[in-house]
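1. When you get a sec, could you give me coordinates for this:
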Amino acid sequence: MFNGKPGNAHGGADFLSPGGTPIHAPNDGRIVVARNLYFSGNTVVIDHGLGLFSMLAHLSVIRRAPKATT
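-> Numbers count the residues shown, from 1 in each chain. Next up is the predicted model:
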């Protein structure tokens, strides 16, 4: 329900975890969105190339990961 009207469920999967739990990208890619969005809250969208995108939504915070050291 949104604004008193029924809507369609999204096609993604929701995974419950405690607030602040670190998450990791499902694969390499380029972040194309990292901000608070109206419907999905704190959201990160990753472009993996070839038309494949991942959307990580309802995040408690968005933080930049520390740079990897080699």
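
2. Give me the below-cutoff pLDDT ranges for this protein.
-> The chain contains residues with pLDDT under 70 at 1-2, 9, 70.

3. Let's test this: what are the backbone torsions at the most centrally placed residue in it?
-> Taking CA atoms, centre = their mean, the centroid of the chain lies closest to L56, which sits 1.4 Å from it. When read as degrees, to the nearest 10, the backbone of L56 gives phi -110, psi 120.

4. What of V61?
-> phi -150, psi 160.

5. one step back: which residue sits closest to the residue nearest to the centre of the chain, ignoring its sequence neighbours?
-> Excluding the flanking residues, the one nearest L56 by CB to CB, 6 or more residues apart in numbering is V44, at 4.6 Å. Quick note: C-beta positions are derived from backbone N, CA and C, even for glycine.

6. For the one you found, list the residues it contacts.
-> By CB atoms under 8 Å, 6 or more residues apart in numbering, the contact set of V44 is 31, 33-34, 55-57, 59, 62.

7. next one: K67
-> By CB under 8 Å, 6+ apart, K67 has no neighbours at all.

8. picking up where we left off before, check contacts around the residue nearest to the centre of the chain.
-> Going by CB under 8 Å, 6+ apart, L56 touches 23, 25, 43-46.

9. Can you tell me the SS state at S54?
-> With DSSP: H, G, I helix; E, B strand; the rest coil as the basis, S54 sits in strand.

10. can you give me the strands for this protein?
-> In the chain, the strands defined using DSSP state E lie at 30-37, 41-49, 52-59.
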